[in-house]
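Q: Sequence first, predicted coordinates after that:
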Amino acid sequence: MSKILSLKLWFALSTVALLAACAQPAKHADYTDFRNSRPRSILVLPPINETTDVQATNSMLSQMTMPLGESGYYVVPVAVMDETFRQNGLTIATEIEATSPAKLREIFGADAALYSKITQYGTVYHVLDSATVVTASAKLVDLKTGDVLWQGSASANSNEGDNYAGGGLIGMLVTAAVKQIANSLTDRGHDIAGVTSYRLLHAGPPNGLLYGPRSPKYGTD
């Protein structure tokens, strides 16, 4: 009996050791260039929209400055950025992003620019579910050197925290249909974009932006 228990114990310990060996440590962003640059002001460029929803760019753009401001940065007003490019015949995000960092610094005087991309925006309907999803990525570029100081991605969806237990198959189908109609009648994507913007651009560990000079936490990270 003791031999069987010993074999079981050996097998259990071996399994734990194997899982521990396979586990990968959490990756943390390299902030070396960010710390050396320490930008004080940020120009937010219109996000490139890779989705079919034409509202995605404006919806995200209108909500990206707040988390940056709360993180301690001066952000060039979106209206100023938009009108400046418009006066120069640039209205498409891809064309705006093609402007050189040196030119952007010359025009706006900002230390860094935020380039972003939206890969998901809107309501997705499945047989048993319906959710509004917004996914985006971004990178912060030093306008003096052209170096990438930071990059990240984030996503949010309207089903976070939902619990369908007890409804049965019919209940799940009805719930999905009702949510699909509700999301179509209201701009739910705009609300979810706000959550995605905050997750993407707020400062703090483990992989967020560094705190800006207007934050009381500046220099603590």
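A: It's in. None of these values were measured; they are calculated from a predicted model. Residues are numbered from 1 along each chain as shown.
Q: From here on, just use CA atoms for contacts and neighbour counts.
A: OK.
Q: Any idea how many residues pack against residue 200?
A: 24 (other Cα atoms under 10 Å).
Q: Which residue is the nearest non-sequential neighbour of it?
A: Of all residues not flanking residue 200 in the chain, residue 154 sits nearest, at 5.1 Å (Cα to Cα, 6 or more residues apart in numbering).
Q: Look up the pLDDT of the nearest residue to residue 75 once chain neighbours are set aside for me, please.
A: Excluding the flanking residues, the one nearest residue 75 by Cα to Cα, 6+ apart is residue 42, at 4.9 Å. Per-residue pLDDT puts residue 42 at 98.
Q: Tell me the backbone dihedrals of residue 42, please.
A: phi -130, psi 130 (degrees, to the nearest 10).
Q: unless I'm mixing things up, it is touching residue 114, no?
A: Yes. Counting by Cα atoms under 8 Å, residue 42 touches residue 114, with 6.9 Å between them.
Q: Report the contact partners of the residue nearest to residue 75.
A: Neighbour list for residue 42: 73-76, 110-114 [criterion: Cα atoms under 8 Å, 6 or more residues apart in numbering].
Q: And these, which is closest to residue 220?
A: residue 73 (15.1 Å; Cα to Cα).
Q: measure that closest one to residue 38 for me?
A: According to Cα to Cα, to the nearest Å, residue 73 and residue 38 sit 10 Å apart.
Q: Could you check which of the two has the larger neighbour count?
A: residue 73 (20 against 17).
Q: Not counting residues beside it along the chain, what's closest to that one?
A: residue 212 is the one closest to residue 73 (Cα to Cα, 6+ apart), at 4.9 Å.
Q: Which strand or helix spans that neighbour?
A: In the assignment (DSSP states H and E), residue 212 maps to no helix and no strand.
Q: Hmm, residue 221 and it touching each other?
A: No. Applying Cα under 8 Å, one finds residue 212 not in contact with residue 221, separated by 10.2 Å.
Q: who's more crowded, these two?
A: Between residue 212 and residue 221, counting by other Cα under 10 Å, residue 212 is the more crowded of the two (22 against 12).
Q: List the residues that contact that one.
A: With the criterion set at Cα under 8 Å, 6+ apart, residue 212 makes contact with 38-40, 71-73, 218.
Q: what do you get for residue 41?
A: By Cα under 8 Å, 6+ apart, the neighbours of residue 41 are 73-76, 110-112.
Q: Repeat the analysis, applying 6 Å as the threshold.
A: Residue 41 is in contact with 73-75, 110-111, counting by Cα atoms under 6 Å, 6 or more residues apart in numbering.
Q: so how far is residue 205 from it?
A: 21 Å.
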